[in-house]
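# give me a model of this one.
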Amino acid sequence: MRHYVFRSPRLGFLAASPALASPAAAFYRRNRTAFAPFDPEKEDSFFTPEGQSALLQGDMEQAERDMRYRFFVVQPRHPGKIVGMFCLDCVIRGAFQSCFLSYKTDHTLWNQGYGSEGIAALSAWGFRNLHLHRIEANIMPRNLPSRRAAAKAGFVEEGLSRHYLNINGIWEDHIHMVRINSEEDGA
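This is a model prediction of the structure:
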């Protein structure tokens, strides 16, 4: 599991593949309670290696079609333990050149800067390698640590999306945050 697509100072980014099914399932099981207040409901199979294998195969196919790029992160000194997931999803080309960002870090690493480090590294990778113009993140207003991590990584609030996502049976509002590619002319 040492074939990093890219690295940040403290994280190695691994492209989603079925080979990561067991450590990905362990990551989600370990953080199930911590992530539950901010995630849509998930079937029990999501937390199994078999369930993750099918999802990771889909992620590889989505990357080949330039639609989604999901990465799991490890700390290089512990390369077998996944400690986060960062994803550029719903890539739209043409005049838009944009996507949505999602991310999670292991609850044992919260408030240590890993979220903002991962967000910044993935955004830079997306701007440089995918030639994106805009990356968007939607975060529940009450999720202050996530909002701080995105802001620290250069995202700015653009507004409130009311009743945006169904989280645990409730249509939750989300703060719409955006980072524009500053490397482009005119940005």
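# only C-alpha atoms from now on, for both contacts and neighbour counts.
Noted.
# contact partners of whichever strand in the chain runs longest?
What stands out as the longest strand in the chain, according to DSSP state E, is strand 78-92. Outside of strand 78-92, the residues within contact range by Cα atoms under 8 Å, 6 or more residues apart in numbering are 1-2, 23-24, 27, 66-75, 97-106, 118-119, 122, 126.
# please state the offset of that strand from the chain centre?
Distance of strand 78-92 from its chain centroid, counting by Cα atoms, centre = their mean, to the nearest Å, is 6 Å.
# what residues sit buried inside that strand?
79, 81-89, 91 (16 or more other Cα atoms under 10 Å).
# ok, of the contacts of strand 78-92, which come out buried?
23-24, 27, 67-75, 98-101, 103-106, 118-119, 122, 126.
# about what we covered before: tell me which strands the longest strand of the chain pairs with, and in which orientation.
strand 69-75 (antiparallel), strand 98-105 (antiparallel) (DSSP bridges).
# could I get the ones you listed as a markdown table with distance to residue 153?
Below are these laid out as a markdown table (distance: least, Cα to Cα, whole Å):
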| stretch | distance to residue 153 |
| --- | --- |
| strand 69-75 | 17 |
| strand 98-105 | 12 |
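# which among the ones you listed is found nearest to residue 9?
strand 69-75 (9.6 Å; Cα to Cα).
# who touches that closest one?
10-16, 24, 59-60, 62-63, 80-89.
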